[in-house]
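Chemist: when you get a sec, could you give me coordinates for this:
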Amino acid sequence: MSDLEFNKNEDVTRQLVDHLKRKTDKIREGGGKKNSDKQKEQGKLLARERIEYLIDKDSRTVEIGEFAAEGMYEEYGGCPAAGVVVVIGYVSGRQCVIVANDATVKAGAWFPMTGKKNLRAQEISIENLLPIIYLVDSAGVFLPMQDEIFPDKEHFGRIFRNNAVMSSMGIIQVAAIMGSCVAGGAYLPIMSDEAMIVDKTGSIFLAGSYLVKAAIGENIDNETLGGATTQSEISGVTDNKFPDDKSALDHIKNIFSKMGAFEKAGFNRVKAKEPTKNPKDIYGLMPTEASKQYDMHEIIYRLVDDSEFDEYKDAYGQSIICGLVRIEGWSVGIIANQRKVVKSKKGEMQFGGVIYSDSADKAARFIMNCNQRKVPLVFLQDVTGFMVGSRSEQGGIIRDGAKMVNAMSNSVVPKFTVIIGNSYGAGNYAMCGKAYDPRLIVGWPTARVAVMGGGQAAKVLLQIQVSSMKGKGKVVSKEEEDELLKKITDQYNSQISPYYAASRMWLDAVIDPLDTRKWISMGIEAANHSPITKKFNVGVIQV
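Modeler: Sure thing, here's the model as predicted:
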């Protein structure tokens, strides 16, 4: 790669990262200054302030679903971060999941994406046997959209079902009621192991005073009905009451400081080393165009300890790179797409970013090896799909692709996925897309997620629309075709953006490439809380 091309890539990628940071800063404003000021006037901390106070000073966190609901619910004024903040962090030295309702966003009401994000937080807790903390401050279901959040299997009620399942698994759940907690939402803290409430600002009841008046004619205020004194001293629904937010959060810290140790999965870890090759070079190495070539090895060297990579079958199936590395000391198996044009063992040229039969076969074997050795897997996606054409079909591409998907799907070691470039079609599936249960899945600002590339898809969609118009007797000029193609291309490209994927929780986050090591390391640390109890078995597989 020339210095000119490197510098051009670096400029564009830095701009993308700056754009990411600006979008993040905007989301972290929540419902805006006016609503934040109302919280402060009540003596309450904001959701992010509660988390910041709770977690260990100077410790690391990763935020799940920060872009959830971005660009959605605009008719209701939007819903930044889906009205709830979810992080994996450390409390009194213990890694845990923290879920905090943001009452500045529609009083913390539950939109459809709020439910999806809460379920994702519980899924992470369940998969990794991580303790979970709920900081409750919510007005309940957002009534104008109740049909999209209330009745279905993956809707609001699933949260409480998970509470019960998690309790039976021995997963620690602690809740602090720091604001409203109404109707069905009242079950969440009370189904936790311990529930506390903040005096004067916290309240919990199945029906508020207005509904009680309408239902049974009783006149009563909310504080008397379900405030801290009522629920802690009379009903016994909550375990303790505290004078303010910080006192309740201090109590949670105290609980976690006295927690016993649990069995580990036993993943291998040694003292961490920084990469010897500068990670910031990634900004210049990532091409600005989706079709440009680059050598994935150079990216890997800048993500792994000491820039050491023990490659598996390096001369075979070169459109996928496999090998063992360490990331912040953890032993990791890397499976990455190679975007550089390479020569196969038969001397044939293979296109970069495409999965060929030999590559799929190699990846399947490597996945099996990592499962035998109890080594977590990291997938670095930059894939356009599987190779097509008569030669590939006659060579058994479907069989070899199925072999890879089978091994990946049945893997019992934790999997982590980082989409750094293209993530198209069946390539997304084979490289452990969202449907295949990665413990965490994130994208760089350079990521693109779709069934196919924007240019290809737009041309297909154009042909369909033009054929339909001609079928109705309409004559379509070249200018009209060009205008229609641009409109389709722009719309499609907006939907392959990593932010579009993250807003719908297809990705847990869009991250700065320089944060990749942290995400993988904290993810493996979380997974290490959950011993592997299943045996690796691929079932019936065509060989």
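
Chemist: ok so residue 379 is a strand residue?
Modeler: Yes - checked against DSSP: H, G, I helix; E, B strand; the rest coil, residue 379 lies within a strand.

Chemist: beta-bridge partners for it, please?
Modeler: Beta bridges link residue 379 to residue 335, residue 417, judged by DSSP bridges.

Chemist: that one touches residue 418, doesn't it?
Modeler: Yes - using CB atoms under 8 Å, residue 379 makes contact with residue 418 at a distance of 7.1 Å. No exception for glycine: its C-beta is placed from N, CA and C like everyone else's.

Chemist: and stretch 181-201, what's buried?
Modeler: 181-183, 185-201 (16 or more other CB atoms under 10 Å).

Chemist: quick one: terminal-to-terminal distance for that stretch?
Modeler: Separation of the first and last residues of stretch 181-201 by CA to CA, to the nearest Å is 11 Å.

Chemist: how near is residue 223 to residue 100?
Modeler: Going from residue 223 to residue 100 by CB to CB, to the nearest Å gives 23 Å.

Chemist: any idea where the strands of the stretch 151-300 of the chain begin and end?
Modeler: 173-182, 194-198, 203-205, 240-242 (DSSP state E, counting those that start in this stretch).

Chemist: nearest to residue 519, out of those strands?
Modeler: Taking CB to CB, strand 173-182 is the member of the strands of the stretch 151-300 of the chain nearest to residue 519, at 24.4 Å.

Chemist: partner strands of the helix or strand of the chain with the lowest mean pLDDT, with direction?
Modeler: Lowest on mean pLDDT, DSSP states H and E among the helices and strands of the chain sits strand 349-350, with a mean of 71. Using DSSP bridges, the strands paired with strand 349-350 are strand 342-343 (antiparallel).

Chemist: what average pLDDT does the partner strand get?
Modeler: Average pLDDT, strand 342-343: 75.

Chemist: next one: it to chain centre, how far?
Modeler: 34 Å (CA atoms, centre = their mean, to the nearest Å).

Chemist: show me the contact partners of that strand.
Modeler: Residues from elsewhere that reach strand 342-343 (CB atoms under 8 Å, 6 or more residues apart in numbering): 318, 319, 349, 350, 352.

Chemist: same thing with stretch 122-130?
Modeler: Contacts for stretch 122-130 (CB under 8 Å, 6+ apart): 64, 88, 95-97, 131-132, 159, 162, 165-166, 169-171, 262, 414, 437, 439-440, 526-527, 529-530.

Chemist: that older thread, how about the contacts of strand 342-343 in CSV, adding neighbour count and distance to residue 449?
Modeler: Shown next, in CSV, are the contacts of strand 342-343 (neighbours: other CB atoms under 10 Å; distance: CB to CB, whole Å):
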residue, neighbour count, distance to residue 449
318, 21, 25
319, 26, 20
349, 8, 27
350, 21, 23
352, 21, 18
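
Chemist: mind listing the strands for the stretch 301-450 of the chain?
Modeler: 310-312, 320-327, 330-337, 342-343, 349-350, 354-355, 377-383, 385-386, 415-424, 440-443, 448-450.

Chemist: which other helices and strands contact the helix or strand following the last one?
Modeler: The helix or strand immediately downstream of strand 448-450 is helix 454-471, counting by DSSP states H and E. The elements that helix 454-471 packs onto, with contact taken as 3 or more CB pairs under 8 Å, 6 or more residues apart in numbering; DSSP states H and E, are helix 478-495.

Chemist: ok, now with 10 Å
Modeler: strand 415-424, strand 448-450, helix 478-495 (3 or more CB pairs under 10 Å, 6 or more residues apart in numbering; DSSP states H and E).

Chemist: now render those as TSV, adding mean neighbour count, distance to residue 522 and mean pLDDT.
Modeler: Shown next, in TSV, are these (neighbours: other CB atoms under 10 Å; distance: least, CB to CB, whole Å; pLDDT from 0 to 100):
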stretch	mean neighbour count	distance to residue 522	mean pLDDT
strand 415-424	26	10	96
strand 448-450	22	23	90
helix 478-495	14	30	80
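
Chemist: so can I have CSV of these showing distance to residue 249?
Modeler: Formatted as CSV, the helices and strands packed on helix 454-471 follow (distance: least, CB to CB, whole Å):
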stretch, distance to residue 249
strand 415-424, 30
strand 448-450, 37
helix 478-495, 40
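
Chemist: among these, which is nearest residue 461?
Modeler: Per CB to CB, nearest to residue 461 of the helices and strands packed on helix 454-471: helix 478-495, 5.0 Å.

Chemist: now that closest one, how far from the centre of its chain.
Modeler: Worked out by CA atoms, centre = their mean, helix 478-495 lies 30 Å from the chain centre.

Chemist: same check on stretch 96-106?
Modeler: Put simply, stretch 96-106 sits 16 Å off its chain's centre (CA atoms, centre = their mean).

Chemist: what packs against the host helix or strand of residue 48?
Modeler: Element membership of residue 48, judged by DSSP H and E, is helix 47-54. On a contact count with 3+ CB pairs under 10 Å, 6+ apart, helix 47-54 meets helix 33-41, strand 84-91, strand 94-101, strand 132-138, strand 173-182, helix 245-257.

Chemist: which one of these lies closest to residue 341?
Modeler: That would be, of the helices and strands packed on helix 47-54 and by CB to CB, strand 84-91, which comes in at 38.9 Å.

Chemist: tell me which residues of the closest one come out buried.
Modeler: 84, 85, 86, 87, 88, 89, 90, 91.

Chemist: so among the contacts of stretch 122-130, which ones count as buried?
Modeler: By 16+ other CB under 10 Å, the contacts of stretch 122-130 give 64, 88, 95-97, 131-132, 159, 162, 166, 171, 414, 437, 439-440, 526-527, 529-530 as buried.

Chemist: okay, now the unreliable bits of the stretch 151-300 of the chain?
Modeler: Residue ranges of the stretch 151-300 of the chain with pLDDT under 70: 184.

Chemist: rerun at 80
Modeler: Along the stretch 151-300 of the chain, the parts satisfying pLDDT under 80 run over 183-185, 290.

Chemist: so which of the helices and strands packed on helix 454-471 is nearest residue 23?
Modeler: Of the helices and strands packed on helix 454-471, nearest to residue 23 by CB to CB is helix 478-495, at 14.4 Å.

Chemist: just checking, what packs against the closest one?
Modeler: strand 448-450, helix 454-471, helix 498-503.

Chemist: at 8 Å what do you get?
Modeler: Helix 478-495 packs on helix 454-471, going by 3+ CB pairs under 8 Å, 6+ apart.

Chemist: the more surrounded of residue 223 and residue 100?
Modeler: The residue with more neighbours, out of residue 223 and residue 100, is residue 100; 25 against 15, by other CB atoms under 10 Å.

Chemist: show me what contacts the more buried one?
Modeler: 47, 48, 50, 51, 84, 85, 86, 134, 135, 137.

Chemist: please repeat the previous calculation with a cut-off of 7 Å.
Modeler: Counting by CB atoms under 7 Å, 6 or more residues apart in numbering, residue 100 makes contact with 47, 50, 51, 84, 85, 135.

Chemist: from the chain's centroid, how far away is stretch 92-109?
Modeler: With CA atoms, centre = their mean, you get 16 Å for stretch 92-109.

Chemist: again, but for stretch 139-158
Modeler: That offset, for stretch 139-158, works out to 21 Å (CA atoms, centre = their mean).

Chemist: in the chain, which helix has the most residues?
Modeler: helix 3-27 (DSSP state H).

Chemist: so what touches that one?
Modeler: For helix 3-27, contacts defined as CB under 7 Å, 6+ apart pick out 66-67, 80-81, 283-288, 445-446, 510, 512.
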